[in-house]
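> Kindly generate the corresponding structure for this input.
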Amino acid sequence: MAQIVLTLDDEVLEQVLHQAKAENLSSTSWLDKLIKQRVGMLNQPNKVKNQWSSDVHELAGAWQDFPTLEDIRHSMSQDVPREPL
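Here you go, the predicted model:
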């Protein structure tokens, strides 16, 4: 397992320690969990999940001016009668 040196400013370090303590984890374990969540590897060691990231999920509903299905259908003309089979 590789090791990495991470430099954090005091304010960020304070938040990391606070969050880790709130979850009953060491700061190293909390950061490991956070990184695995971010890259999609939580609960799947050595495998990358084939899923959308949380950033993409947060975009759902972001376009407030997107027309509803009713708005789209309202502007359509009536369909012509179809021939029987």
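> For Ala20, which residues are in contact?
Contacts for Ala20 (C-beta atoms under 8 Å, 6 or more residues apart in numbering) come out as 26-27, 29-31. To be clear about C-beta, it is placed using only N, CA and C from the backbone, and glycine gets the same treatment.
> Go through the residues you listed and name the one nearest Val16.
The shortest separation between Val16 and any of the contacts of Ala20 is 5.6 Å, and it belongs to Ser27 (by C-beta to C-beta).
> In this structure that closest one contacts Leu17, no?
Yes. At 5.7 Å, Ser27 and Leu17 qualify as touching, with contact defined as C-beta atoms under 8 Å.
> Would you map the strands across this structure?
Under the criterion DSSP state E, the chain carries no strands.
> in the chain, which spans are helices?
In chain order, the chain shows helices spanning 10-22, 27-39, 54-57, 69-74, with DSSP state H as the criterion.
> And these: which comes nearest Ile4?
Of all the helices of the chain, it is helix 27-39 that lies closest to Ile4, at 9.4 Å by C-beta to C-beta.
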